[in-house]
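Participant: Return a 3D structure for these sequence lines:
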Amino acid sequence: FVPQDYQLIATRTTTTPSKAVQSQPNIKMKVLSITIATVLAAAVQGFTAPTPAFGTKAAATTKLFSASAPVENYAGVDRYCTDDPNNNVPPHIAELVGRGLHTKEEHPIGIIRAKIQEYFASLDEEYKVFDAEDPIVTCKQCFDDLRIPPEHPGRSKSDTYYITDDTLLRTHTSAHQSMHLRDGYECFLCAGDVYRRDEIDASHYPAFHQLEGVKLFDKDTVKGADGLSKEEWLESDECKMIADDLKATLEGLMDHLFGPVEKRWADDYFPFTEPSFECEILYEGEWLEVLGCGVIHTEVLEMAGREDRRGWAFGLGLERLAMVLFKIPDIRLFWTEDSRFHKQFKAGEITTFKPYSKYPPCYKDIAFWLPEDFVENDFFEMARGVAGDLVEKIDLVDEFVHPKTNRASKCYRITYRSMDRSLTDDEVNELQDNMREQSELLGLEVR
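Facilitator: This next block holds a predicted model:
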């Protein structure tokens, strides 16, 4: 669920903090987990390989693992950087796979994931938990099964990391939804790392974590919807009942995470739910968008072989919640191995992050004439490949069209800053020179 991809102008309604769904103390855990702890005995061979230089690919055949493999077994650059002509996974992205931040009990991402799981364990239904699934999925799983059309920008190579022309690093945890529905699961949570090319700033990173939930309703509960047309279904009492249950459940989750807060709902659009909504909460004086959700589209259920059922689904970003709750200012910090970061957090506790350093930034500009097929995400991806996490952000500071040649030009300001040390002038200059060279390889004429 990515509201910014499908945002529509919507009418908002305000609700008071929910009392419909509340956590209860001393309640028996009901979540059945397929987690790292339960699959350590799985005999699955992973790969290890030295990191190739930027822009190189290591020859390998993609190896698929079962959904029960420990996330560590998904690590290995060779598994993702292959010589397939359609492969566009750079080594710096491949190196992130298998870190399993969402499974670490004392990591902010793992703490938020555990608190969400704790909430759903307090409800009447039993939710199966999947958090160790293979990040390589097919186009059918990631797009077709969810009614995301071939022309959607999210399917382009400028947005998505492809292993082959038909396999990719999942762009959302919803890629596993139809598989679990086909396998007969009716209530489940799915958490994992997802990958998308994106802009560079303090709140965007090409690897992040999502958690989604699905609930199907008993046939007898929604049998009044049998035989209805699409229009009749959307206006039916059964559809409204599912939407109301979804909102009550998620309002309870927000209260569980943030304490009693005011919420408001907006109509939204996602290809895989109808009707669709986004939820915002009023937290510390600001309205924050926290998740997208909706009633599962009937066509999605039909493609999963569950056309006789109805239900809801939601999805949220774990980094977004963790940055707000722990007051973490830079998304890169989640991936650091610095003990000064990790020693601040304990399992089950939400504490305010205390910055341990603030090293000075270094600014460098780069300007170039644009080719007709210029895609900004390709430039950002190149920059990450050259400088990795030393790039804090990239801002567009100037653009113009030459009045005589009609050629377009853009100038970007690159902010270099390490979270762990001061950068030297020689180090930054070398990175900037490399950036200019790689820009030429993208077809950009550096000015």
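Participant: okay, now Ala94: neighbour count?
Facilitator: Per other Cβ atoms under 10 Å, the neighbour tally for Ala94 reads 26. Backbone N, C-alpha and C define where each C-beta goes, glycine included.
Participant: how close does it sit to Glu106?
Facilitator: Applying Cβ to Cβ, to the nearest Å, the value for Ala94 to Glu106 is 26 Å.
Participant: and what of Gln141?
Facilitator: 32 Å.
Participant: cool, and Leu96?
Facilitator: Counting by Cβ to Cβ, the gap from Leu96 to Glu106 is 19 Å.
Participant: More neighbours: those two, which one.
Facilitator: Between Leu96 and Glu106, counted using other Cβ under 10 Å, Leu96 has the larger neighbour count: 19 against 14.
Participant: If you rank every helix and strand of the chain by mean pLDDT, what lands last?
Facilitator: Scoring the helices and strands of the chain by mean pLDDT, DSSP states H and E places helix 36-39 at the bottom, with a mean of 32.
Participant: Quick check: next helix or strand after that helix?
Facilitator: helix 77-80 (DSSP states H and E).
Participant: which helices and strands does the next helix or strand after that following helix pack with?
Facilitator: Remark: after helix 77-80, the chain's next helix or strand is helix 91-94, criterion DSSP H and E. For helix 91-94, the elements it packs on are helix 77-80, helix 376-387, judged by 3 or more Cβ pairs under 8 Å, 6 or more residues apart in numbering; DSSP states H and E.
Participant: Out of the ones you listed, which is the most enclosed?
Facilitator: Highest mean neighbour count among the helices and strands packed on helix 91-94 (mean count of other Cβ atoms under 10 Å): helix 77-80, with a mean of 26.
Participant: from the middle of its chain, how far away would that helix be?
Facilitator: Offset of helix 77-80 from its chain centre (Cα atoms, centre = their mean, to the nearest Å): 20 Å.
Participant: Could I get the CA-only coordinates of that helix as CSV?
Facilitator: Taking Å, rounded to 0.1, in the frame of the first residue of the first chain, the C-alpha atoms of helix 77-80 are listed here in CSV:
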residue,chain,number,x,y,z
VAL,A,77,25.6,-10.6,-3.7
ASP,A,78,25.8,-13.3,-6.4
ARG,A,79,22.2,-14.2,-5.9
TYR,A,80,21.0,-10.8,-7.0
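Participant: Grab the CA positions of the top helix by length along the chain and hand them over as CSV.
Facilitator: Determined from DSSP state H, the single longest helix within the chain is helix 237-258. Below are the C-alpha coordinates for helix 237-258, written out as CSV (Å, rounded to 0.1, in the frame of the first residue of the first chain):
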residue,chain,number,x,y,z
ASP,A,237,-24.1,-3.7,4.0
GLU,A,238,-21.6,-6.5,3.9
CYS,A,239,-18.9,-4.3,2.2
LYS,A,240,-19.6,-1.5,4.7
MET,A,241,-19.3,-4.0,7.6
ILE,A,242,-15.9,-5.1,6.4
ALA,A,243,-14.7,-1.6,6.0
ASP,A,244,-16.0,-0.6,9.5
ASP,A,245,-14.2,-3.7,11.0
LEU,A,246,-11.0,-2.7,9.2
LYS,A,247,-11.1,0.8,10.5
ALA,A,248,-11.9,-0.2,14.0
THR,A,249,-9.1,-2.7,14.0
LEU,A,250,-6.5,-0.2,12.7
GLU,A,251,-7.7,2.5,15.1
GLY,A,252,-7.0,0.1,17.9
LEU,A,253,-3.6,-0.5,16.5
MET,A,254,-2.8,3.2,16.4
ASP,A,255,-3.9,3.6,20.0
HIS,A,256,-1.7,0.6,20.9
LEU,A,257,1.4,2.2,19.3
PHE,A,258,0.9,5.9,19.9
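Participant: Now do that helix: everything it contacts.
Facilitator: Identification of contacts with helix 237-258 by Cβ atoms under 8 Å, 6 or more residues apart in numbering yields 15, 17-18, 20-23, 112, 115-116, 118-120, 123, 215, 217, 221-222, 224-225, 233, 261, 263, 265, 275, 277, 279, 281, 283, 290-291, 293-295, 310-312, 314, 321, 325.
Participant: and it, what's its mean pLDDT?
Facilitator: Helix 237-258 comes out with an average pLDDT of 98.
Participant: now the angle between helix 237-258 and the next helix or strand after that helix, please.
Facilitator: Later in the chain than helix 237-258, the nearest helix or strand by DSSP H and E is strand 262-270. Put simply, strand 262-270 runs at 130 degrees to helix 237-258, going by axes from the mean of the first three to the mean of the last three Cα atoms, to 10 degrees.
Participant: I'd say Glu72 and Lys104 touch.
Facilitator: No: using Cβ atoms under 8 Å, Glu72 is not in contact with Lys104, being 11.4 Å away.
Participant: where does the stretch 151-300 of the chain have low pLDDT?
Facilitator: Applying pLDDT under 70 to the stretch 151-300 of the chain picks out no residues at all.
Participant: switch the cut-off to 90
Facilitator: For the stretch 151-300 of the chain, the stretches with pLDDT under 90 are 225.
Participant: Quick one: the helices in it, in order.
Facilitator: Ranges of helices within the stretch 151-300 of the chain are 177-182, 230-234, 237-258, 298-303, based on DSSP state H, counting those that start in this stretch.
Participant: now those helices in CSV, with distance to Asp198?
Facilitator: Shown next, in CSV, are the helices of the stretch 151-300 of the chain (distance: least, Cβ to Cβ, whole Å):
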stretch, distance to Asp198
helix 177-182, 22
helix 230-234, 33
helix 237-258, 25
helix 298-303, 26
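Participant: could I get these as TSV with mean neighbour count and distance to His402?
Facilitator: Shown next, in TSV, are these (neighbours: other Cβ atoms under 10 Å; distance: least, Cβ to Cβ, whole Å):
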stretch	mean neighbour count	distance to His402
helix 177-182	20	49
helix 230-234	13	51
helix 237-258	19	51
helix 298-303	18	48
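Participant: can you tell which of these is closest to Tyr356?
Facilitator: helix 237-258 (25.5 Å; Cβ to Cβ).
Participant: I'd like the distance from the closest one to the chain centre, please.
Facilitator: 22 Å.
Participant: how deep is Ala322 tucked in, by neighbour count?
Facilitator: The burial count for Ala322: 26, using other Cβ under 10 Å.
Participant: Next, the contact list for it, please.
Facilitator: Contacts for Ala322 (Cβ under 8 Å, 6+ apart) come out as 108-109, 111-112, 328, 334.
Participant: On the three-state scheme, it is what?
Facilitator: helix (DSSP: H, G, I helix; E, B strand; the rest coil).
Participant: Compare the helices and strands packed on helix 91-94 and give me the one nearest Thr351.
Facilitator: Taking Cβ to Cβ, helix 376-387 is the member of those nearest to Thr351, at 29.9 Å.
Participant: Just name whatever secondary elements the helix or strand just after that closest one is in contact with.
Facilitator: Going down the chain from helix 376-387, the next helix or strand is strand 391-401, by DSSP H and E. Counting contacts by 3+ Cβ pairs under 8 Å, 6+ apart, strand 391-401 is packed against helix 376-387, strand 408-416.
Participant: Many thanks, we can stop here.
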